[in-house]
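A.B. asks: Next one to model:
(2 chains)
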Amino acid sequence: MSQVRLRFSPAPTGSLHLGNVRTALYNWLHARHVGGTFILRIEDTDVVRSTQESVDEIQYVLRWLGLDWDEGSYLQSARLDVYLAAAARLVDEGLAYECYCTESEVKERNEQAMHQGRPPGYDGRCRDLSADERAARAAEGRPVSLRFRTPDEGHSSFTDLIRGEVTVEWSTISDFVIVRSNGTPVFFLANAVDDIDMQITHVLRGEDLIDSTHRVLALRRALGHDDQPVYAHMPMILGPGGGKLSKRHGSVSIEEYRDAGYLPSALVNYLTLLGWGPEDGREVLSTDELVAEFELKRVISSSATFDAKKLEWMNGEHIRALPPSELVSAVLPFARIRYGDRLEIRRFEAAVRLAQVRATTLVQIAEQMAFLFTPDDALEIEAASWEKLTKVEAAADILDAAAEFVATCDWTDEIDPRPAIEALGLKPGKVMHVLYTAIEGRSQGLPLFDSISLLGRESALHRLRAARARL
RNA sequence: GCCCCCAUCGUCUAGUGGCCUAGGACGCCGCCCUUUCACGGCGGUAACGGGGAUUCGAAUUCCCCUGGGGGUGCCA
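C.D. replies: Below is the predicted model:
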């Protein structure tokens, strides 16, 4: 019985987008579900594009989401000699060869082939060079890259856990570079070597890599390993409208969602559901529940379109499911940034509880309590709300009556100004927005009675009178 | 161009030959609850891309078409 080992192996060439994150998530979920090992491996063989900032960001995002790794993170850049040794072995065995074509020459010939209606791909010019020919090219000072010799005929196939048999003709796959002319190994090689050395048992990755699997597997066999890990290619995540997921269609980075007040558990929940669902059809699940339920076999095979609205709804569900004390700490940074020293913890905590069922993001919660931490004279009154207030004929009387009530009521009771309004012969339900506007600056917001109570008698009176005076 | 993958409401999906006059969720629209807004409850709108074939019977199996996505890199 071998231990299940999975790895998430991103290239540190930019920020992690939603698709990458879900791949990481599925790897992590499966590892945790079966008690396997989750490995983080940074595939930074492309030294030109890889950056330390990107490595830091990947680690930060995974940690923030709660996707902890058991091994790593490994850096492929630290093992270049291992990959190069493997490549040298392949050359010795005649499975790979030195290629003296330059990048631009290959590109040019490819374009020519396309023009003439021939399929592109390396034309094999350096495939069977004699030792003398190689020496001559080298003497010309030509750069040397290493190419893997792919079979001329036959087909390659492997079994994908969620797609079944995937087959392709070797004739459609040309010899590919495994070591660049600058001496660095390419993804296919490093990937194959590391999956062998790290004894990876399950490879879950994006469907965009499905074609490369044949090449990695061929390398794996060439390196003497006929066994192969279980492959499962996850469907892609599409942007709204079905196109590519891109910045055009709203946020694609996790940090943007964090800053907008999304909970990691909601993101994890939503992303997991994008392509998978539990047998019982439940949708709102905690991360622990997802780990318990996650089943690779239930991963869907068709690509999914990202729906920001549903994510937002789900975030609201997670906000409501959070114990108030945890919600308080989650919202705190958002409130601090907005209200700074004016923030009072006791009122803040009370406001968070009031806002818990009234928001889909932490930012919304923080914003709803703005009136509590704004000086009376600086309270901004929303134009539309004020407009609505002025349309109420008895607005002045309502404000007067409410002020009178607030000035004299028992502060230990619930502060309910409705009787005072009814005394004017008005239906409170229809005109409460007048008071909401005066107290909170908008016609909708946190419950009025609690808001007045939290604000305090003096402040509430001040606002009611200010609104009255402004009429 | 060539290769690979995919195809149920607008979106996420359930569904593996009869239980489907296709179920759930988001969104949207009503109603109820209600101090506003929400939450919650109830109800409604809306889909098996097209054509063949197999079968007593196809959303479910097979083929073709169409559509979408991916690949075709000295990116991963």
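A.B. asks: going forward, measure contacts and count neighbours with C-alpha atoms only.
C.D. replies: OK.
A.B. asks: So, low pLDDT: which residues of chain A?
C.D. replies: Chain A contains residues with pLDDT under 70 at A:1-2, A:246-251.
A.B. asks: hang on, A:Phe158 packs against A:Thr167?
C.D. replies: Yes: A:Phe158 lies in contact with A:Thr167 (C-alpha atoms under 8 Å); the separation is 6.8 Å.
A.B. asks: Of the two, give the one with the bigger neighbour count.
C.D. replies: Taking other C-alpha atoms under 10 Å, A:Phe158 and A:Thr167 do not tie; A:Phe158 has more neighbours (16 against 13).
A.B. asks: before we move on, which element is that one in?
C.D. replies: strand A:155-160 (DSSP states H and E).
A.B. asks: following that strand, which helix or strand shows up next?
C.D. replies: Note on strand A:155-160: by DSSP H and E, the next helix or strand toward the C-terminus is strand A:164-169.
A.B. asks: What strands line up against that following strand, and which way round?
C.D. replies: Partner strands and pairing direction for strand A:164-169 (DSSP bridges) are strand A:155-160 (antiparallel).
A.B. asks: so how far is the strand it pairs with off the chain centroid?
C.D. replies: How far strand A:155-160 lies from its chain's middle: 31 Å, per C-alpha atoms, centre = their mean, to the nearest Å.
A.B. asks: The stretch 51-200 of chain A against RNA strand B: which residues are in contact?
C.D. replies: A:99-103, A:106, A:114, A:117-122, A:143-145, A:163-169, A:172-173, A:176-177, A:179-182, A:186-188 (C-alpha under 7 Å from any atom of the strand).
A.B. asks: PyMOL command to pick out the buried ones of the residues you listed?
C.D. replies: Remark: buried members of these, expressed as a PyMOL selection using 16 or more other C-alpha atoms under 10 Å:
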select buried, chain A and resi 99+100+101+106+120+121+122+143+144+145+163+173+176+177+179+180+181+186+187+188
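A.B. asks: All the strands of chain A, residue numbers only.
C.D. replies: Secondary structure of chain A (DSSP state E): strands at A:5-8, A:37-42, A:71-75, A:96-99, A:145-148, A:155-160, A:164-169, A:176-179, A:202-206, A:230-234, A:237-238, A:304-305.
A.B. asks: Isn't A:Ala351 up against A:Met369?
C.D. replies: Yes: between A:Ala351 and A:Met369 a contact is recorded at 6.3 Å, counting by C-alpha under 8 Å.
A.B. asks: what about A:Asp160, neighbour count?
C.D. replies: The criterion is other C-alpha under 10 Å. On that basis, A:Asp160 has 16 neighbouring residues.
A.B. asks: Return the residues in contact with A:Ala359.
C.D. replies: A:Gly316, A:Ile319, A:Ile365 (C-alpha atoms under 8 Å, 6 or more residues apart in numbering).
A.B. asks: residues near the second one, how many?
C.D. replies: Neighbour count for A:Ile319, taken as other C-alpha under 10 Å: 27.
A.B. asks: Check the first one too.
C.D. replies: By the criterion of other C-alpha under 10 Å, A:Gly316 has 22 neighbours.
A.B. asks: Pretty sure A:Gln364 is one of the things it touches, is it not?
C.D. replies: No: the pair A:Gly316 and A:Gln364 fails to qualify as a contact (C-alpha under 8 Å) at a distance of 10.4 Å.
A.B. asks: near RNA strand B, which residues of the stretch 201-350 of chain A show up?
C.D. replies: Checking the stretch 201-350 of chain A against RNA strand B by C-alpha under 7 Å from any atom of the strand, the hits are A:207-212, A:236, A:238, A:241-244, A:273-277, A:279, A:281-283, A:298-307, A:309-311, A:313, A:317.
A.B. asks: Do a quick rundown of the helices in the stretch 301-450 of chain A.
C.D. replies: A:308-321, A:324-339, A:345-355, A:362-368, A:383-391, A:395-408, A:418-422, A:428-440, A:448-455 (DSSP state H, counting those that start in this stretch).
A.B. asks: Quick one: residues contacting the closest residue to A:His33 other than its chain neighbours.
C.D. replies: Using C-alpha to C-alpha, 6 or more residues apart in numbering and skipping the chain neighbours, the partner closest in space to A:His33 is A:Val291 (5.2 Å). By C-alpha under 8 Å, 6+ apart, the contact set of A:Val291 is A:Leu29, A:His30, A:Arg32, A:His33.
A.B. asks: Kindly report the same for A:Pro143.
C.D. replies: With contact taken as C-alpha under 8 Å, 6+ apart, A:Pro143 is in contact with A:Tyr100, A:Cys101, A:Thr102, A:Ser181.
A.B. asks: Let's see that with 7 Å instead.
C.D. replies: A:Pro143 makes contacts with A:Tyr100, A:Thr102, A:Ser181, as judged by C-alpha atoms under 7 Å, 6 or more residues apart in numbering.
A.B. asks: just A:Tyr97 next, same as before
C.D. replies: A:Val91, A:Arg127, A:Leu146, A:Arg147, A:Phe148.
A.B. asks: and the residues you listed as TSV, adding distance to A:Leu435 and neighbour count?
C.D. replies: Supplementary listing: those in TSV, determined by distance: C-alpha to C-alpha, whole Å; neighbours: other C-alpha atoms under 10 Å:
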residue	distance to A:Leu435	neighbour count
A:Val91	82	17
A:Arg127	83	17
A:Leu146	77	25
A:Arg147	76	26
A:Phe148	76	26
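A.B. asks: Kindly indicate which of those residues lies nearest A:Asp46.
C.D. replies: A:Leu146 (15.5 Å; C-alpha to C-alpha).
A.B. asks: neighbours of A:Gly261, just the number please.
C.D. replies: 21.
A.B. asks: Just give the closest residue to A:Ile398, not the sequence neighbours.
C.D. replies: Nearest residue to A:Ile398, sequence neighbours excluded (C-alpha to C-alpha, 6+ apart): A:Ile421, at 6.1 Å.
A.B. asks: A:Asp416 is in contact with A:Ala402, correct?
C.D. replies: No: using C-alpha atoms under 7 Å, A:Ala402 is not in contact with A:Asp416, being 9.3 Å away.
A.B. asks: thinking again about what came up before, if we only consider the contacts of A:Ala359, which is nearest to RNA strand B?
C.D. replies: A:Gly316 (7.6 Å; C-alpha to the nearest atom of the strand).
A.B. asks: Assess the claim that the closest one and A:Thr361 are in contact.
C.D. replies: Yes: look at A:Gly316 against A:Thr361 with C-alpha under 7 Å: they come within range, at 6.4 Å.
A.B. asks: Could you check how far A:Leu65 is from A:Ile58?
C.D. replies: Per C-alpha to C-alpha, to the nearest Å, A:Leu65 is found 11 Å from A:Ile58.
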